[in-house]
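Peer 1: Next comes the sequence, and after it the predicted model I'd like to discuss.
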Amino acid sequence: MKISQITRRDIIDSMIAEKIAWCGRLEEPEFLARLFELQNLPSTDQRFDDAAGDIWQHRVNNFDWDDDWVFYDQRFNLMGGDDEVFLRFLCETIHPVVRPDVTEAERYCQLYNSFLREDGFQLVERTRLSGKSVYVGRYVGLGATPGLTAARETLAGADPGYVAQQITRMDAAVNNDPGLAIGTAKELVETCCKTILTERAITFSKNADLPELVKLTSKVLELTPDDIPEKSKAAETIKRLLSNLATITQGVAELRNHYGTGHGKTAGTKGLQSRHAKLAVGAASTLAVFLTETHNDRSK
């Protein structure tokens, strides 16, 4: 068990404080049947043969168990059991069938991840169902990727749900799927630039690539304070630095295409590794944070 009881307790306490209905729009027996074979689990009520019967009796028919009963029921052992079981339970609470509101599901995912990352775990998008995210729990390690913490704190105003999803995806994929992390890093900067330009009512081409977007965003923003000497020279230096960050992000993304899974590559061909992903993610996060902070400062 790598997910500590402290982390589990923090998540459960937060769910109670946030009044999160863990079964979503389903009834509790229906929700739990998606994870456990209730007919094979014993009943705690002698009137019933299995867990399906007593859960229905006490949570649907009579409703005389506490709302947080499931976290302390030894049949499910969420507090002290297998990590995979606990992660599957959390993922199921934000599954599109259970919780169709995308914004709500993403908010809860961020809440869970804020605690899980202390033990090296994250909930990440595995696939999509009717355009909505289906999550899976993964061990991503305890090493922090440079730039991501600042990105989480700064980019909340830039399309919060989507940007938070991009950051979570990058964080989880750096070690497990470097190609995905690199591609998402490029998307993060594009999203940041488009958000800033849209909020400033600046027209841009829908087909603009990353360097074009960064160049236009840099031009629109006044990148240096008014009270420094040789302001124009300083501005050019900052623009060059930003351009270099954009070039790194774009370059690694292009390099990823050469190492992609297509084009009939030979067996044993290796793709880009975690260190390449960290380079792209670090550059993209630093660039996105600087542009967003400058935009926010100028907006004041």
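Peer 2: Cool, the structure landed. Residues are numbered from 1 along each chain as shown.
Peer 1: When you work out contacts or count neighbours from here on, use the C-alpha atoms and nothing else.
Peer 2: Noted.
Peer 1: Report the contact partners of Thr247.
Peer 2: Shown in contact with Thr247 (C-alpha atoms under 8 Å, 6 or more residues apart in numbering): Pro211.
Peer 1: Helix, strand, or coil at it?
Peer 2: helix (DSSP: H, G, I helix; E, B strand; the rest coil).
Peer 1: And it, how far from Ala280?
Peer 2: Computed as C-alpha to C-alpha, to the nearest Å, the Thr247 to Ala280 distance reads 10 Å.
Peer 1: How about Ser4?
Peer 2: Remark: distance between Ser4 and Ala280 (C-alpha to C-alpha) = 32 Å.
Peer 1: of those two, who's got more company?
Peer 2: Ala280 (28 against 15; other C-alpha atoms under 10 Å).
Peer 1: how far does stretch 167-183 stretch from start to finish?
Peer 2: This stretch, stretch 167-183, spans 12 Å end to end (C-alpha to C-alpha).
Peer 1: How far does that stretch sit from its chain's centre?
Peer 2: Chain-centre distance of stretch 167-183: 10 Å, with C-alpha atoms, centre = their mean, to the nearest Å.
Peer 1: in that stretch, what's buried?
Peer 2: With burial defined by 16 or more other C-alpha atoms under 10 Å, the residues of stretch 167-183 counted as buried are 167-183.
Peer 1: Same question for stretch 85-93.
Peer 2: Applying 16+ other C-alpha under 10 Å to stretch 85-93 flags 85-87, 89-93 as buried.
Peer 1: just stretch 179-199 next, same as before
Peer 2: Neighbour-count burial for stretch 179-199, counted by 16+ other C-alpha under 10 Å, picks out 179-197.
Peer 1: got it, and stretch 238-255?
Peer 2: So, applying 16+ other C-alpha under 10 Å, buried residues of stretch 238-255: 239, 242-243, 245-250, 252-253, 255.
Peer 1: Same list, these, but as JSON lines with pLDDT and distance to Val60 please.
Peer 2: Output for those, formatted as JSON lines (pLDDT from 0 to 100; distance: C-alpha to C-alpha, whole Å):
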{"residue": "Lys239", "pLDDT": "74", "distance to Val60": "62"}
{"residue": "Leu242", "pLDDT": "76", "distance to Val60": "58"}
{"residue": "Ser243", "pLDDT": "77", "distance to Val60": "60"}
{"residue": "Leu245", "pLDDT": "78", "distance to Val60": "56"}
{"residue": "Ala246", "pLDDT": "76", "distance to Val60": "55"}
{"residue": "Thr247", "pLDDT": "81", "distance to Val60": "58"}
{"residue": "Ile248", "pLDDT": "80", "distance to Val60": "56"}
{"residue": "Thr249", "pLDDT": "75", "distance to Val60": "53"}
{"residue": "Gln250", "pLDDT": "77", "distance to Val60": "54"}
{"residue": "Val252", "pLDDT": "72", "distance to Val60": "54"}
{"residue": "Ala253", "pLDDT": "72", "distance to Val60": "52"}
{"residue": "Leu255", "pLDDT": "71", "distance to Val60": "56"}
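Peer 1: Show me this structure divided up by domain.
Peer 2: Here the domain parsing of the chain from automatic domain parsing is 5-142, 160-259+271-299.
Peer 1: from the buried residues of stretch 85-93, which is closest to Glu27?
Peer 2: Relative to Glu27, the closest of the buried residues of stretch 85-93 is Thr93; by C-alpha to C-alpha it sits at 12.1 Å.
Peer 1: Could you report the neighbour count for the closest residue to that closest one other than its chain neighbours?
Peer 2: Ranked by C-alpha to C-alpha, 6 or more residues apart in numbering and with sequence neighbours excluded, the top spatial neighbour of Thr93 is Trp22, at 5.3 Å. By the criterion of other C-alpha under 10 Å, Trp22 has 22 neighbours.
Peer 1: Where do the helices of the stretch 51-200 of the chain begin and end?
Peer 2: 51-56, 83-93, 102-116, 148-154, 160-176, 178-199 (DSSP state H, counting those that start in this stretch).
Peer 1: How many residues are close by Lys233?
Peer 2: 11.
Peer 1: please renumber so the chain begins at 688
Peer 2: Sounds good: first residue 688 from here, last item Lys920.
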